[in-house]
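**Student:** My questions are about this predicted structure, shown below with the sequence.
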Amino acid sequence: MRKTLGAMLLAALAAAPAAAIDPSAGTGGGAFLKLGQGSARAMALGHSYVALAEGSDALTWNPAGLASTQQKEAVYSYLRYVQDLDTPLYLAYAHPMGRTVWGANMAYVSATGFDTRDSNGIPIPDTNVSVHDGFGTIGVARSFWYEKLFLGGAMRLVHEDNGGNLHDTMVGDVGVTIKPNSSLSLAFAVQNFGTHVTNVASIVRGGAAYKAGDFVNLALELSEAADTGARVGIGAEFQVPEEYLEFGQVTFRVGYYNSDNLGQSFSGQLQGLRLDRASGLSFGFGLFTSQAFGYGLGVDYAFVPFGSLGTVDQISLKLKF
């Protein structure tokens with residue numbers, strides 16, 4: 001198993017150079033679904049999350065991971081994207097009922113202040129074009145074979161209001177995760193199927209995760225959206241041994257995602273950190289304690305340099321009870 005995963009990681013690294021801008025990018029509907037709302041952990045790991053997805057986070061990555069939920073949990077997440085695009089509202093909830101777990105989430109994305117132009121490219125004064133998009137999901141998952149096989153499915157309503165162009169679309173997700181032993185996870189998921197690409201672009205994900213001892217996770221994901229080419233994500237996270245802490249767990253994360261080449265940033269801060277050309281790299285950390293007034297409380301943060309577009313960050317707050 002170790003040799004197999006090692007070969008997969010080497011193949012991913014060989015394919016990792018940043019891609020040129022894909023000419024088909026943005027031709028499908030529901031493009032905002034690719035922003036990565038809801039899971040700062042997944043974003044910090046370079047989108048290599050299909051085989052690690054668990055709890056309510058799984059609803060936006062692989063619904064099969066929902067079945068690994070051991071406690072009821074509620075999540076709030078905030079995503080600050082580029083060009084004043086953000087997700088001010090993301091909520092999720094997971095409710096275990098034995099080996100079956102139900103979950104739901106919802107998100108809202110907004111942007112205003114667009115430079116509006118006519119068909120000749122001339123700016124139109126006194127116009128107020130805005131984007132208000134969102135989605136709501138309900139899913140269910142169940143574990144089998146003494147928690148070696150996890151199956152899940154979900155339905156999602158996608159709403160788009162792009163400058164007054166309104167439409168709602170219902171799509172589906174299915175996913176499977178296999179854990180042949182305590183170290184290796186293999187997963188596959190198909191998201192947003194059941195409609196034409198011009199309404200919502202479907203996404204196919206496949207990947208693996210390997211637990212190297214008690215404190216290190218390695219992950220790999222291959223994904224392809226119906227309106228773009230294939231993408232590779234790799235990530236690693238290291239958990240500080242609890243014996244060095246008194247309050248809980250601290251985890252550090254790094255990832256790489258072969259996204260489009262986004263140019264160079266002229267931010268003095270990023271240049272000082274040598275991240276001004278770091279399109280595709282991601283970083284983050286997580287904090288968790290089970291001693292918050294009898295509840296489990298977690299905070300995850302992700303930071304992603306976006307070349308000439310600036311930076312993206314996301315914070316997720318999770319309560320387990």
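**Tutor:** Perfect, I can see it now. Numbering: from 1, shown residues only.
**Student:** ok, residue 82 touching residue 306?
**Tutor:** Yes - with contact defined as C-beta atoms under 8 Å, residue 82 reaches residue 306; the gap is 5.6 Å. Placement of C-beta: from N, CA and C, glycine included.
**Student:** Centroid-nearest residue for the protein?
**Tutor:** residue 36 (3.8 Å; C-alpha atoms, centre = their mean).
**Student:** Chain neighbours aside, what residue packs nearest to that residue?
**Tutor:** The shortest distance from residue 36 to any non-neighbouring residue, by C-beta to C-beta, 6 or more residues apart in numbering, is to residue 43 (4.7 Å).
**Student:** The one helix or strand the one you found maps to packs against which elements?
**Tutor:** Per DSSP states H and E: residue 43 is located in helix 40-44. For helix 40-44, the packing partners by 3 or more C-beta pairs under 8 Å, 6 or more residues apart in numbering; DSSP states H and E come out as strand 230-240, strand 249-257, strand 281-292, strand 295-305, strand 311-320.
**Student:** Moving C-terminal from that helix, which element do we reach first?
**Tutor:** Downstream of helix 40-44 (by DSSP H and E), the next one is strand 73-80.
**Student:** Let's see that following strand as PDB, backbone CA atoms only.
**Tutor:** Only the C-alpha atoms of strand 73-80 are listed here, as PDB (Å, rounded to 0.1, in the frame of the first residue of the first chain):
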ATOM      1  CA  GLU A  73     -21.900  19.100  14.800                       C
ATOM      2  CA  ALA A  74     -22.700  22.600  13.500                       C
ATOM      3  CA  VAL A  75     -20.300  24.600  11.400                       C
ATOM      4  CA  TYR A  76     -20.100  28.300  10.300                       C
ATOM      5  CA  SER A  77     -17.500  29.300   7.700                       C
ATOM      6  CA  TYR A  78     -16.500  32.600   6.100                       C
ATOM      7  CA  LEU A  79     -14.600  32.800   2.800                       C
ATOM      8  CA  ARG A  80     -12.900  36.000   1.600                       C
END
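**Student:** Can you give the contact residues for it?
**Tutor:** 35-40, 55-57, 86-88, 90-94, 105, 296, 312-321 (C-beta atoms under 8 Å, 6 or more residues apart in numbering).
**Student:** Of the residues you listed, grab the buried ones for ChimeraX.
**Tutor:** Provided next is the ChimeraX selection string for whichever of those are buried by 16 or more other C-beta atoms under 10 Å:
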select :35,36,37,38,39,40,55,56,57,86,87,90,91,92,93,94,105,296,312,313,314,315,316,318,319,320
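**Student:** who's in contact with the residue nearest to residue 36?
**Tutor:** 36, 255, 282, 284, 302, 304, 312, 314.
**Student:** Is the third one bridged to anything, and to what?
**Tutor:** What it means is residue 282. Taking DSSP bridges as the rule, residue 282 bridges to residue 255.
**Student:** next one: the fifth one
**Tutor:** Partner residues in beta bridges with residue 302, using DSSP bridges, are residue 284, residue 314.
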